[in-house]
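Visitor: based on what follows, work out the 3D shape:
(one chain, ligands or ions: 1)
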Amino acid sequence: MLFVNDAFSENLILISGAGIAGLALGLTLHQLGIPFKIYEAAKEIKPLGVGINIQPNAVRELFELGITENDLDNIGVKTKEWALLGLNGNEIYSEPRGKYAGYFWPQYSVHRGKLQVLLLQKILERVGRDCIYTGCNILGYQKQISSVKVKIIKRNGEIESADGSVLVGADGLHSRIRAQMYPMQPSVHWGGAIMWRGVSWAKAVRTEASFVGIGTDKKRVILYPISSPCIKSGHALINWIAEVTRDNMEGQDFGDWNKSVDIDSFVNNFEDWRYDWLDIPALLKKADTAYEFPMIDRDPVPTWVDGRVVLIGDAAHVMYPTGSNGASQAVIDARELGSAFLKNGVGELALKCFDNKLCEPVSNLVLRNRNAGPFGILKIIDKRCGGIFDNIEDIMPKSELSDFMARYKAHAGFDIEHLNSSKPIIHRLN
Ligand SMILES: Cc1cc2nc3c(=O)[nH]c(=O)nc-3n(C[C@H](O)[C@H](O)[C@H](O)COP(=O)(O)OP(=O)(O)OC[C@H]3O[C@@H](n4cnc5c(N)ncnc54)[C@H](O)[C@@H]3O)c2cc1C
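Guide: Numbering: from 1, shown residues only. Next up is the predicted model:
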């Protein structure tokens, strides 16, 4: 239900980008009764991408936005387990996830594009078509005394401008808004890892809803189902990421989520990764398409705010996907920004409060994920035994493993006790 607040009606918010961050913000602003317009560069919003995870902290906020368990069940799977295995398939560490771990909310593994389309549908149902302008690339902004003006180029080449009280740059990895805010920003940071990503129909392993990482620090495969098993075949849609860290960093192009490559060009890296419970080369080869993407992020910046302009989502803090929290943080940003508007009105003070709360801790998370996030365990295992072991207790005791994971979760904002006992960022008003 709408929380209509007339005090906000003059305060139009312009959003650049209809990704997860921009759409979650649109739904939040609608919930608060704050008018907004979303400009999206793509001509059409199509369900692009492969799998992502949504952590319980973000699932709770989606529920508070009126997105139901049923909605999320339709686009993904409730993750039951996070498991890390060594090169020979022996278990390093596993832990339950979501409600199975005691959170009040599930963790979901979903198709990124389906989540984007779900958020879009909710906006269209609740607000109508007039708030989303596709084929509109926001080129930059100009600060006015008490507003901000943006320059937009449409697909037919027409240039337009629009005025708002606030501009939110939710325009992702190659954000133009961030580039204007930081004209001297270093280009994307790459540590040498290449990811090949795809989806294949196959039998899900372990709990049938497990997020599984196998391998070493320099070469690993991650897989998890993003659909329930098909009743007839028993096969589910398995999202996989095959990853190799290279020493030679030349000739890498940075960051097109949709660059497809031939599976034969990389599957040889994993040729002997066959276990009696999983044949990795066979799994990879079953995919229709594979996408290549370097594991990149950007150096954190000291503030996400420039007057009445603010960055959220990947535009603010693109991070390595090692902690599965890029999309979750995008949702949290949208909710925190909404909450700041609710408390401070639509203007510079709200942006400052949002920035003060999130910029530093999330920037630290970017650096933590750059250092492998929860997969940092593999660095330790590699050092101690090269990734091959019979009994993990001889290499890294359970208590050391659990402490490592607990520290990561606390920094990433999904410590169980803290999350369960805290209030949602914005309550749903029924
Ligand atoms: C096509 C695509 C596929 C992806 N696939 C995956 C995946 O498979 N796995 C994964 O972990 N992450 C994927 N991501 C990234 C993931 O969605 C984000 O890390 C996370 O969800 C944060 O979302 P965001 O909204 O901040 O950024 P994004 O999801 O990147 O959304 C940014 C949006 O802004 C739009 N945009 C960019 N520039 C402008 C401009 N100048 N004016 C107007 N609009 C603009 C883009 O078209 C896009 O829709 C993908 C992103 C995209 C765009």
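Visitor: in the helix or strand containing residue 178, what's buried?
Guide: Using DSSP states H and E, residue 178 sits in helix 176-181. Of the residues in helix 176-181, those buried by neighbour count under the rule 16 or more other CB atoms under 10 Å are 176-178, 180-181. From N, CA and C alone the C-beta is placed, and that goes for glycine too.
Visitor: each with direction, which strands does the very next helix or strand once past it pair with?
Guide: Heading C-terminal from helix 176-181, the first helix or strand you meet, by DSSP H and E, is strand 189-202. Here strand 189-202 has these sheet partners by DSSP bridges: strand 236-245 (antiparallel), strand 290-297 (antiparallel).
Visitor: flag every buried residue along strand 189-202.
Guide: Neighbour-count burial for strand 189-202 [16+ other CB under 10 Å]: 190, 193-202.
Visitor: try stretch 409-429
Guide: Across stretch 409-429, burial judged by 16+ other CB under 10 Å covers 409, 411-415, 419, 425-426.
Visitor: chain center to it, what's the gap?
Guide: Remark: stretch 409-429 is offset 17 Å from the chain centroid, using CA atoms, centre = their mean, to the nearest Å.
Visitor: next one: stretch 119-134
Guide: Its chain's C-alpha centre and that of stretch 119-134 lie 21 Å apart, by CA atoms, centre = their mean.
Visitor: grab the CA positions of it and hand them over as PDB.
Guide: Listed in PDB are the C-alpha atoms of stretch 119-134, where the atom choice follows Å, rounded to 0.1, in the frame of the first residue of the first chain:
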ATOM      1  CA  LEU A 119      10.800  -5.500 -10.500                       C
ATOM      2  CA  LEU A 120       9.900  -3.800 -13.700                       C
ATOM      3  CA  GLN A 121       6.500  -5.600 -13.800                       C
ATOM      4  CA  LYS A 122       5.800  -4.500 -10.300                       C
ATOM      5  CA  ILE A 123       6.500  -0.900 -11.200                       C
ATOM      6  CA  LEU A 124       4.400  -1.100 -14.300                       C
ATOM      7  CA  GLU A 125       1.500  -2.600 -12.300                       C
ATOM      8  CA  ARG A 126       1.800  -0.100  -9.500                       C
ATOM      9  CA  VAL A 127       2.800   3.100 -11.200                       C
ATOM     10  CA  GLY A 128       2.200   2.600 -14.900                       C
ATOM     11  CA  ARG A 129       4.400   3.200 -17.900                       C
ATOM     12  CA  ASP A 130       4.800   6.900 -17.500                       C
ATOM     13  CA  CYS A 131       7.700   6.600 -15.000                       C
ATOM     14  CA  ILE A 132      10.100   4.600 -17.200                       C
ATOM     15  CA  TYR A 133      11.800   6.000 -20.300                       C
ATOM     16  CA  THR A 134      13.700   3.400 -22.300                       C
END
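Visitor: picking that back up, which strands and helices sit next to the helix holding residue 178?
Guide: strand 136-143, strand 166-169, strand 309-311, helix 314-317 (3 or more CB pairs under 8 Å, 6 or more residues apart in numbering; DSSP states H and E).
Visitor: can I get those in TSV including distance to the ligand, mean pLDDT and mean neighbour count?
Guide: Shown next, in TSV, are these (distance: least, CB to the nearest ligand atom, whole Å; pLDDT from 0 to 100; neighbours: other CB atoms under 10 Å):
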stretch	distance to the ligand	mean pLDDT	mean neighbour count
strand 136-143	4	98	18
strand 166-169	9	98	29
strand 309-311	9	98	27
helix 314-317	4	97	28
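Visitor: okay if I get those as JSON lines plus distance to residue 351?
Guide: Converted to JSON lines, the helices and strands packed on helix 176-181 look like this (distance: least, CB to CB, whole Å):
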{"stretch": "strand 136-143", "distance to residue 351": "12"}
{"stretch": "strand 166-169", "distance to residue 351": "7"}
{"stretch": "strand 309-311", "distance to residue 351": "5"}
{"stretch": "helix 314-317", "distance to residue 351": "12"}
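Visitor: which one is the residue in the stretch 1-150 of the chain that the ligand sits nearest to nearest to, not counting chain neighbours?
Guide: Residue nearest to the ligand within the stretch 1-150 of the chain (CB to the nearest ligand atom): residue 19, separated by 2.0 Å. Nearest non-adjacent residue to residue 19, counting by CB to CB, 6 or more residues apart in numbering: residue 172, 5.6 Å away.
Visitor: over to residue 106?
Guide: Spatial nearest neighbour of residue 106, chain neighbours left out: residue 98 (3.9 Å); criterion: CB to CB, 6+ apart.
Visitor: what about the one you found, neighbour count?
Guide: By other CB atoms under 10 Å, 25 other residues sit near residue 98.
Visitor: same question for the one 10 residues further on.
Guide: By other CB under 10 Å, the residues close to residue 108 number 28.
Visitor: relative to residue 63, how far out is it?
Guide: Look at residue 108 and residue 63: by CB to CB, to the nearest Å, they are 11 Å apart.
Visitor: quick one: secondary structure of residue 390?
Guide: Of the three states, residue 390 takes coil according to DSSP: H, G, I helix; E, B strand; the rest coil.
Visitor: the ligand contacts on the stretch 201-350 of the chain?
Guide: Listed as neighbours of the ligand in the stretch 201-350 of the chain under the rule CB under 6 Å from any ligand atom: 257-258, 313-315, 321, 326-327, 330.
Visitor: go again with 8 Å.
Guide: 257-258, 291, 293, 312-316, 318-319, 321, 324, 326-327, 329-330, 333 (CB under 8 Å from any ligand atom).
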